[in-house]
Each structure stands twice: as C-alpha cells, then as structure tokens.
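K.L.:
okay, structure incoming, though there's no sequence with it:
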C-alpha cells in the first residue's frame, strides 16, 4: 500500500528552523517527483517546492526562495524540506505528494496526512 508520512513539524519562533521529512512506504520514490504543499487556515493550498525524480529540477514558490531547501535521499526513501528563517506567514499544515518523474502544478496522485508548522513568538 502506497503511503507517505510527514514528520518534523512543530512550534518554532520567528527566525527559527525546522526540517520536515516525507517518508514513503509501499513503493520507491526514485521514479517520482515530490512536492511539498501547505495550507494555512482560511487559505487555499499552495505549492511550496518540488524536486524531480532525478533531483535535477527543483523549484520553490517565491515566498520561500533562499529560506527553504528541498532534498531527497532515495536510499532512505525520504524527502526533506529544510526550513530556515521561518516567518509567521509560514504557519500552515505542510503536505508532501508525489507524481511521476517531473514536477508540475497538477497530477499529484498520493498525499500524506500533513504535519503542522506553527511559527509564533
């Protein structure tokens, strides 16, 4: 059974850091692009970052460029999102999702349950 499990969320002060993990089970990630998404209360879900299956293509939403870094470890079947210099507006539930090979704004077929990130002083 294909499953994605996010972890690493929590409460952090502005300027702090968190590393989110997305662990896959029931399949191998190496043929999949992985996207990180977030949804804040009362807002639509937005794409945060995506890494292609090869790792050769990475993109970020403008609001996190220079602060967040996506990476993947196929040996561990896990993708990470390193989040630095966190801001209040980064508060959201963060989800990972997969689609075949390349990043896109659509076509993500499997989703994790989400992990809460709260940035607050």
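P.N.:
Arrived safely, thanks for sending. In this text, all values refer to a predicted model and were calculated from it rather than measured experimentally. Residues are numbered from 1 along each chain as shown.

K.L.:
which residue is nearest the middle of this structure?
P.N.:
residue 36 (2.7 Å; Cα atoms, centre = their mean).

K.L.:
quick one: residues in contact with the helix or strand harbouring that one.
P.N.:
For residue 36, the enclosing helix or strand under DSSP states H and E is strand 32-39. Outside strand 32-39, the residues within contact range by Cβ atoms under 8 Å, 6 or more residues apart in numbering are 20, 22, 45-53, 57, 70, 72, 79, 81, 90, 92-104, 108, 114, 117. Any C-beta I mention is one placed from the backbone N, CA and C, and that applies to glycine too.

K.L.:
so which of these are in strands?
P.N.:
Judged by DSSP state E, strands contain the following of the contacts of strand 32-39: 20, 22, 46-51, 70, 72, 79, 81, 92-100, 117.

K.L.:
can you say which of those are buried?
P.N.:
Among those, those scoring as buried are 20, 22, 47-51, 70, 72, 79, 81, 92-99, 117 (criterion: 16 or more other Cβ atoms under 10 Å).

K.L.:
what bits of the protein have low per-residue confidence?
P.N.:
Counting by pLDDT under 70, the chain has no low-confidence residues at all.

K.L.:
contact partners for residue 52?
P.N.:
Residues near residue 52 by Cβ under 8 Å, 6+ apart: 33, 58, 101, 102, 103.

K.L.:
one more time with 7 Å, if that's ok
P.N.:
Taking Cβ atoms under 7 Å, 6 or more residues apart in numbering as the definition of contact, the neighbours of residue 52 are 33, 101, 102, 103.

K.L.:
do residue 22 as well
P.N.:
Contact partners of residue 22, counting by Cβ under 7 Å, 6+ apart, are 4, 6, 34, 78, 79, 96, 112.

K.L.:
which residue, other than its chain neighbours, is closest to it?
P.N.:
residue 96 (3.4 Å; Cβ to Cβ, 6 or more residues apart in numbering).

K.L.:
thinking the one you found is in contact with residue 6, fair?
P.N.:
Yes. Under the criterion of Cβ atoms under 7 Å, residue 96 makes contact with residue 6 at 5.5 Å.

K.L.:
shared neighbours, these two?
P.N.:
22, 112.

K.L.:
residue 112: neighbour count?
P.N.:
Burial of residue 112, expressed as a neighbour count using other Cβ atoms under 10 Å, amounts to 20.
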